[in-house]
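Visitor: please find the sequence and the predicted model below.
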Amino acid sequence: MLIRPFFALRCRSYHNTTIALTEQTQLLLQNHSNSLTKCKQIHANLIVSNAISNTFTSNTLINHYSRSRDLSHAHLLFNQTLHKNVVTWTSMMSAYTRNGQFKKALQLFEQMLHSDQKPNQCTLSVAIRACTSSGYLQLGLQIHGLVLCYGFESDEFAGSSLVDMYFKIGAFLDDASRVFFGLRYRDCVAWNVMIHGFSEAGNVGEVKRLVSEMRVADGLRPNDFTFVSLLRYCGCLIEVEEVHGLIFKSGTEFDPVVGSALVDSYGKCGDCDSSEKIAASMEHKDVFAWSSMISCYWRNGRGREAIVLFRDMCREGQKPDQHTLSSVLKACVENGEMEIGIQVHSQMIKNGYQGDQFVASVLSILYADFSEMGDAEKVFRRISSKDIVSWNAMIMGYAKKKGCVSSCVEIYNELRRTINLKPDGATLVAALKCCSSNSDLETGRQLHAETIKLGHSKKTSVVNSVIHMYSECEAVEDACRAFDALIEKDDISWSSIIGCHAQNGLELQALMLCKDMLSDGFLLSCYTIPSCVTACSVLAAMDLGKQFHSFVVKLGFHNDIYVGSSVIDMYAKCGSMEDSIKAFDEQDNPVVGTFNALISGLAQHGRVDEVIREFNKMDEMDILPNKITFLAVLSACSHVGLVEESIFFFELMQQKYGLEPETEHYSCLVDVFGRAGRLEEAYQIMPKNMGDSTWRTLLSASRTHRNMWIGEKSAKKMLELEIKDHASYVLLSNLYSGEGRWKEAQEIRQRMVEVGIRKDPGSSWFIIRDRVHDF
DNA sequence: TTAGGGTTAG
């Protein structure tokens, strides 16, 4: 008797609490509130009031926890729910899938299959989605079997998930289409899955057919999802404008996703103005919209604006993601902005993208570009999952830096030991570049063998790098063999082999190859012309050079830096300084290289006043001189014996322009001191590690001025350096014989024979009917 | 009454 009223009271209390909780939960749902605190309050009340068996409330809360990314509470409640129904299981599986824990979702699905609860179309749809996202095709196929067993093959939810799976893992277009056409009701989502699938597969015809059929067959209009998929396949501006027109006609406001996709698509087609207009019209700009605009600027050579926009974005409190960071870093690489790059690096650490392969790869390229190899390698080492692009960035970084062959090879070998990755074409191009710039023939040969071993020997870009490597290593025969074996030669292959001959003293053959190239149907390009024109200048074949020049003007290459400089240089070397000046005047925007060609020509012709005038003109035009400019100026001054001017320019290059003089610059200075008989001063300025040519200059001056003391010192240095040049031996021998020291003179001549040095034989040539004949 | 499918950049 005592117990009954108490029990009745408890039951009433339980009943009332359950109603109250259900109402609260419904309120939570109506308000679409995802407040975690509210969820936890209701969860606590469920436990306190012993109402945990209210499955509806539990299910609702699990979903709220899931949307708030609180998986631990969702799972706790799932375990606490006494009477789990199909919705409870599906909700928990969905919670895991939504939060990227696909394996856990599938484990729960397996548990469910072993329980009394049967899956329905919703459960199967979630399970398939988990398989698609994690790439488990075999499991997905088994679940397709279950879909058939339970009779859900025509359900649009389970069916759309299956269609999506067949497109995304395995690209089984026929299976996808079979499931799609078996659906009882094909709604907009189902059509969109098909359209997206064919768009990704690059089947534009099928995409267009599907868009038209969704209207005709099922009376459906394309929506935002359709538009974004359509933008994916757009390859040119007209196509983007067509889709833009469709979006406009649909009359819907810009969805942030559609807006960003449009900004990105216009950017890829080079239409920055349209991207800007769309971005400006978007009321709500998410990280995607910002990134698309930054990427648009970077892609279209407007790096400065990309950096400014990145700053605006950060100022507005929008957190950058990996796409934003990699785009802005690419802009820094393009513009050589190291300081800003370092600031972006700190943002990268702050936002947790230090280990991201895309961001870190670009950052390591930036550090490598500034020769900060230590920092580049630190960034590279922190990448959690290095892809081939990350490795290539590091290999290219070392390749660009002089004297880093061993580091480059070490990284390459480390990559070779990596189980899941293999060097690709770009890796080999980068590693071969390293051998080219360091003239390392032995490593180059090994890498050539690697191209064959790894199956890249038919790739034109890789073989072009092999040819270039052999060319830089002066192995002309090897370069020819690689060139002859190449099946699909392109413009670069031809320019490489022509350049190879031109640079290795085989100018005639270079010009013959140019003829072969033209008969093979290739046209002269801005890559081939400089090599051919340089060959003409070495052969002093000005008539042929003139013909190339007329091609240059006809084809509109005269403003190309390399073409323009080679023509200016050719006329100067062939003796016509006036034609050289005319060719210089053809240049619309002369750069340092163009000025160097002109100044070097004027220097060779002894026109020192004009050399200094052109140097000043460069200064007025804010064009920074480089080491080559100073070499030309110093050589002009030394040839006419301008000692004070030489000292002035020698100091100017260091003090004003921060350029460290090299052997050749010292040679000029030593030469001008030597000509003036100021041998002591010349000897004083010689750094300890000076090259042989400078000592030879000093030795020559010593002979002229009969200074035996400095002459012998120079000779000793030259012998220490084991010089292979006949002129140095002859000079030294003459110095001794000039002083009547016949024995020493004879010894030097004898030593020259012992080390196998012979005087270079001279050669002459003449040109008949555009052909050069040498003898 | 709760659960379920499709979209955007290197």
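Guide: Alright, I've got the coordinates. Residues are numbered from 1 along each chain as shown, chains lettered A, B, ... in the order given.

Visitor: residue in the stretch 401-550 of chain A nearest to DNA strand B?
Guide: A:Ala426 (12.6 Å; Cβ to the nearest atom of the strand). Glycine gets a C-beta too; all of them are placed from N, C-alpha and C.

Visitor: residue numbers of the stretch 51-200 of chain A in contact with DNA strand B?
Guide: A:55-56, A:59-60, A:63, A:85-87, A:90-91, A:94, A:97-98, A:120-123, A:125-126, A:129, A:132, A:155-161, A:164, A:187-190, A:192-193, A:196 (Cβ under 7 Å from any atom of the strand).

Visitor: hmm, try it at 6 Å
Guide: Near DNA strand B, the residues belonging to the stretch 51-200 of chain A are A:56, A:59-60, A:63, A:86-87, A:90-91, A:94, A:120-123, A:125-126, A:129, A:155-157, A:160-161, A:164, A:187-190, A:192-193, A:196 when assessed by Cβ under 6 Å from any atom of the strand.

Visitor: what's the end-to-end length of stretch A:391-411?
Guide: 8 Å (Cα to Cα, to the nearest Å).

Visitor: pull out the buried positions in that stretch.
Guide: A:391-401, A:404-405, A:407-409, A:411 (16 or more other Cβ atoms under 10 Å).

Visitor: and it, how far from the chain's centre?
Guide: 15 Å (Cα atoms, centre = their mean, to the nearest Å).

Visitor: pLDDT wise, what is A:Gln30 at?
Guide: Note on A:Gln30: pLDDT of 55.

Visitor: give me the nearest residue to the closest residue to DNA strand B within chain A, chain neighbours excluded.
Guide: Relative to DNA strand B, the nearest point of chain A is A:His323 (2.6 Å; Cβ to the nearest atom of the strand). Nearest residue to A:His323 in three dimensions, chain neighbours excluded: A:Ser291, at 4.4 Å (Cβ to Cβ, 6 or more residues apart in numbering).

Visitor: hang on, the earlier thing: quick one: buried ones out of the residues of the stretch 51-200 of chain A next to DNA strand B?
Guide: A:59-60, A:63, A:87, A:90-91, A:94, A:120-123, A:125-126, A:129, A:155-157, A:160-161, A:164, A:188-190, A:192-193, A:196.

Visitor: mind telling me what element the residue of the stretch 401-550 of chain A closest to DNA strand B is part of?
Guide: helix A:425-438 (DSSP states H and E).

Visitor: state the next helix or strand along the chain beyond that helix.
Guide: helix A:441-453.

Visitor: which other helices and strands contact that next one?
Guide: helix A:425-438, helix A:460-472, helix A:476-485 (3 or more Cβ pairs under 8 Å, 6 or more residues apart in numbering; DSSP states H and E).

Visitor: on that earlier part again, correct me, but the residue nearest to A:His323 touches A:Gln322?
Guide: No: with contacts counted by Cβ atoms under 8 Å, A:Ser291 stays clear of A:Gln322, the gap being 9.1 Å.

Visitor: more crowded one of the two?
Guide: A:Ser291 (26 against 17; other Cβ atoms under 10 Å).

Visitor: pLDDT weak spots in the stretch 651-775 of chain A?
Guide: A:688, A:722-728, A:757-775 (pLDDT under 70).

Visitor: mind running it again at 90?
Guide: A:662-664, A:666-775 (pLDDT under 90).

Visitor: average pLDDT for stretch A:141-154?
Guide: pLDDT averaged over stretch A:141-154 gives 96.

Visitor: same check on stretch A:347-357?
Guide: On average, stretch A:347-357 scores 92.

Visitor: okay, how far is it across that stretch, tip to tip?
Guide: 16 Å.

Visitor: does it reach DNA strand B?
Guide: No: Stretch A:347-357 is not in contact with DNA strand B by Cβ under 6 Å from any atom of the strand; minimum separation 6.6 Å.

Visitor: picking that back up, among the residues of the stretch 51-200 of chain A next to DNA strand B, name the ones in helices.
Guide: Those of these mapping onto helices are A:56, A:59-60, A:63, A:86-87, A:90-91, A:94, A:121-123, A:125-126, A:129, A:156-157, A:160-161, A:164, A:188-190, A:192-193, A:196, per DSSP state H.

Visitor: mind checking the SS state of A:Leu523?
Guide: coil (DSSP: H, G, I helix; E, B strand; the rest coil).

Visitor: ok, it - contacts?
Guide: A:Leu555 (Cβ atoms under 8 Å, 6 or more residues apart in numbering).

Visitor: please identify the buried residues of stretch A:378-395?
Guide: So, applying 16+ other Cβ under 10 Å, buried residues of stretch A:378-395: A:Val379, A:Phe380, A:Ile383, A:Lys386, A:Ile388, A:Ser390, A:Trp391, A:Asn392, A:Ala393, A:Met394, A:Ile395.

Visitor: next one: stretch A:513-525
Guide: Quick answer for stretch A:513-525 (16+ other Cβ under 10 Å): A:Leu513, A:Cys514, A:Met517, A:Phe522, A:Leu524, A:Ser525.

Visitor: give me the pLDDT value at the last one.
Guide: What it means is A:Ser525. 90.

Visitor: tell me how far the residue nearest to A:His323 lies from A:Glu316.
Guide: A:Ser291 sits 14 Å away from A:Glu316, going by Cβ to Cβ, to the nearest Å.

Visitor: quick one: the helices in the stretch 101-250 of chain A, in order.
Guide: Along the stretch 101-250 of chain A, the segments classed as helices by DSSP state H, counting those that start in this stretch run A:102-114, A:121-134, A:137-149, A:156-168, A:173-181, A:188-200, A:204-216, A:224-233, A:237-250.
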